[in-house]
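Peer 1: Fold the following and give me the result.
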Amino acid sequence: MRPVRTAALLVLLGAWLGGSLFMWTVAIQTFANAERIASTWGGLREGEEGVSAEGLRMALRYQASEVNRALFRGWGPVQLALAAACLGLVWSAKLGWSLRIPVLLLSAVVVAQTAWLVPETVRLGRMIDFAAPTALPEVRGAFWKLHGWYSALDAGKVAVLLIGSIGGCLYWTDYRVIPK
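Peer 2: All right, here's what the predicted structure looks like:
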């Protein structure tokens, strides 16, 4: 039963890694697309009376922000479920502390992101969505600080997932599937 649990752990780690990389891509692309549309779709600007180019840009960026907020709020509970499943597998398969500690760290990061960083970043982001660029400097500073913390923790999480996935696959192929 231990090989099955180990294989299941590797699948979950790989899914978690893939989901994290997908979220990075989506978060970057939503804002890139908003900027691209705002700068190149002149027909929309001309067809809408009373909407300035900057107003269109702000509306598209707001929409991109809301998409990202919804995705990150939804991704947190998914990661909590992945963390719980990985913890259960690491303990039930008796894989040792070399795997338990990274999974515990990943779980702690996800709890911090889901319970505090994402909700607080969303709250602050909504405060500055339509504020003038020079308005609310303290709120902007706090927003970017939290955004930086989330990004740094997420990059660390992805690194651990990548190392764990690659290491686990190498371990699996060397010792479980391929006879010596």
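Peer 1: Excluding chain neighbours, give the residue nearest to A85 in space.
Peer 2: Using CB to CB, 6 or more residues apart in numbering and skipping residues adjacent in sequence, the residue nearest A85 is L12, 5.6 Å away. All C-beta atoms are positioned from the backbone trio N, CA, C, and that covers glycine.
Peer 1: same thing with W16?
Peer 2: With CB to CB, 6+ apart, the residue lying closest to W16 is L82, at 4.8 Å.
Peer 1: ok, now which ones touch that neighbour?
Peer 2: 12, 15-16, 19, 110 (CB atoms under 8 Å, 6 or more residues apart in numbering).
Peer 1: residues of whichever helix or strand it is part of that come out buried?
Peer 2: Assigned by DSSP states H and E, L82 belongs to helix 53-92. For helix 53-92, the neighbour count (16 or more other CB atoms under 10 Å) marks 56-57, 60-61, 64-65, 67-69, 72, 75-76, 79-80, 82-83, 85-87, 89-90 as buried.
Peer 1: Check stretch 10-20 too.
Peer 2: Applying 16+ other CB under 10 Å to stretch 10-20 flags 10, 12-14, 16-17, 20 as buried.
Peer 1: just checking, which of the residues you listed belong to strands?
Peer 2: Among the buried residues of stretch 10-20, no residue falls in strands (DSSP state E).
Peer 1: Quick check: the residue nearest to A85 touching A83?
Peer 2: No: L12 is not in contact with A83 according to CB atoms under 8 Å; the separation is 9.3 Å.
Peer 1: how much space between N33 and V67?
Peer 2: 10 Å (CB to CB, to the nearest Å).
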